[in-house]
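K.L.:
sequence first, predicted coordinates after that:
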Amino acid sequence: MKAAWLFPGQASQKVGMGKDLFDQTDLGKHYFECANEIMGCDIQSIIFDGPEDTLKQTQYTQPSIYIVSVILGELLKEKGFFPNAVAGHSLGEYSALAVANAFEFETGLSLVKVRAESMAKAGEIQEGTMAAIVGMDDEAVADLCSSYSGNGVVVAANFNSPGQVVISGSPNAVVTVMDSAKESGARMAVQLNVSGAFHSPLMTPAREALAESLDSLEILDSLYPVFTNVDAKPVTQGNDIKDSLIRQLENPVLWAKSILSMKESGIESFVEVGPGKVLQGLNKRIDRKTRSQGVETLEQVEKFNV
């Protein structure tokens, strides 16, 4: 059975994640120790002990999820399991690429560090927010964003599943579109607790910083097809991967389309590799018949069977 591995993004973190991987595996211990050096701080303690308010800050959240997700993926590979394709939601794309050998764990973490810090800084330069719109189709939400004519900017940022779109932009613009969505029949419009307008034009300063880091690195061809957020199509060439990562920060995550593209390519089941069950939940909403399971603990790695 052909399986794709999916890697979660920001908001899947929880204090204590990965502690079993550190305590009970040599690979986990080694990667966590490398991470402390690369991050220049005790990221290990932040992940294991919190506090939660610190862990949920973008500059710590993104590296933390990446570290745990990649360790889990590498442990599965050590056991002789390999994906037929990979994808990651936003930040998760970096975890997917590391597990697909497009770059080393250390290189990926250095990139994620730059990405997270520059996104946090972009949020300070220009205040932004995001909101989930539930119960409207993709086109209707995109039309509300494009028809907004006030100050600031608002765009559709994440097409997560049918009837769930996340919008992103200037606070006043996002609130206005939230109100319009509710008036237009949306079941729910909920502002998200984020530090910036991710996947929007307000992330331009972050894109520039990330592009500078990526330009200095060689991205290898991936071992498995990577279905990218920006195009929902498989890539394997290093140059294509680099281009998609640069474009990703300012462009929407085409998640539902990515899952459907993978199924059309012959993928029959999905494994969420990393903390939480967000992507398994989205899969159910994209297609109820989709086979999904999760691996977020060492016990689940040891019991894993496609």
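P.N.:
Great, that's in hand.

K.L.:
below-threshold pLDDT in the stretch 151-300 of the chain: ranges please.
P.N.:
Of all residues in the stretch 151-300 of the chain, none has pLDDT under 70.

K.L.:
now do the strands in it.
P.N.:
For the stretch 151-300 of the chain, the strands defined by DSSP state E, counting those that start in this stretch occupy 154-161, 164-169, 188-191, 226-227, 234-235, 269-273, 291-295.

K.L.:
ok so W5 is a strand residue?
P.N.:
Yes. Remark: W5 belongs to a strand, assigned using DSSP: H, G, I helix; E, B strand; the rest coil.

K.L.:
from K289, how far out is the closest residue to it other than its chain neighbours?
P.N.:
Nearest residue to W5, sequence neighbours excluded (Cβ to Cβ, 6 or more residues apart in numbering): P83, at 4.1 Å. Glycine gets a C-beta too; all of them are placed from N, C-alpha and C. Counting by Cβ to Cβ, to the nearest Å, the gap from P83 to K289 is 20 Å.

K.L.:
now swap in Q248 and tell me
P.N.:
For Q248, the distance to K289 - Cβ to Cβ - is 29 Å.

K.L.:
these two - which one has more neighbours?
P.N.:
Using other Cβ atoms under 10 Å as the criterion, Q248 and K289 rank with Q248 on top: 23 against 7.

K.L.:
wait, isn't the more buried one in contact with G92?
P.N.:
No. Taking Cβ atoms under 8 Å as the definition, Q248 is not a contact partner of G92, at 10.9 Å.

K.L.:
still on that earlier bit, count of neighbours near the residue nearest to W5?
P.N.:
Neighbours of P83 (other Cβ under 10 Å): 25.

K.L.:
tell me who's in contact with it.
P.N.:
By Cβ atoms under 8 Å, 6 or more residues apart in numbering, P83 lies in contact with A3, A4, W5, V99, A100, Y224, V271.

K.L.:
okay, it: pLDDT?
P.N.:
Here, the pLDDT recorded for P83 equals 98.

K.L.:
please, which helix or strand holds it?
P.N.:
Under the criterion of DSSP states H and E, P83 resides outside all helices and strands.

K.L.:
gap between it and F32?
P.N.:
Between P83 and F32 the computed distance is 23 Å (Cβ to Cβ).

K.L.:
for Q59, give me its contacts.
P.N.:
By Cβ under 8 Å, 6+ apart, Q59 lies in contact with K113, A116, E117, A120.

K.L.:
helix or strand: which one has it?
P.N.:
Secondary structure (DSSP H and E) places Q59 in helix 58-78.

K.L.:
buried residues in that helix?
P.N.:
By neighbour count with 16 or more other Cβ atoms under 10 Å, helix 58-78 contains the buried residues 58-77.

K.L.:
show me the chain divided up by domain.
P.N.:
Per automatic domain parsing, the structural domains of the chain span 3-124+201-303, 128-191.

K.L.:
can you tell me the closest non-neighbouring residue to A142?
P.N.:
Counting by Cβ to Cβ, 6+ apart, A142 lies nearest to A156, which is 4.6 Å off, once chain neighbours are set aside.

K.L.:
any idea how far that neighbour is from G281?
P.N.:
20 Å.

K.L.:
these two: who's more crowded?
P.N.:
A156 (24 against 15).

K.L.:
now that one: how far from A256?
P.N.:
With Cβ to Cβ as the criterion, A156 and A256 are 12 Å apart.

K.L.:
then E218?
P.N.:
Distance from E218 to A256, by Cβ to Cβ: 32 Å.

K.L.:
with neighbour numbers in mind, choose between the two.
P.N.:
Remark: of E218 and A256, A256 carries more neighbours, 23 against 11, as counted by other Cβ under 10 Å.

K.L.:
contacts only, for that one.
P.N.:
Shown in contact with A256 (Cβ under 8 Å, 6+ apart): F159, N160, S161, P162, L282, I286.

K.L.:
apply 7 Å and report the result again.
P.N.:
F159, N160, S161, P162, I286 (Cβ atoms under 7 Å, 6 or more residues apart in numbering).

K.L.:
cool, and M17?
P.N.:
Counting by Cβ under 7 Å, 6+ apart, M17 has contacts I47, V68, P275.

K.L.:
quick check: chain neighbours aside, which residue is closest to the second one?
P.N.:
On the basis of Cβ to Cβ, 6+ apart, the spatially nearest residue to V68 that is not a chain neighbour turns out to be G18, at 4.0 Å.
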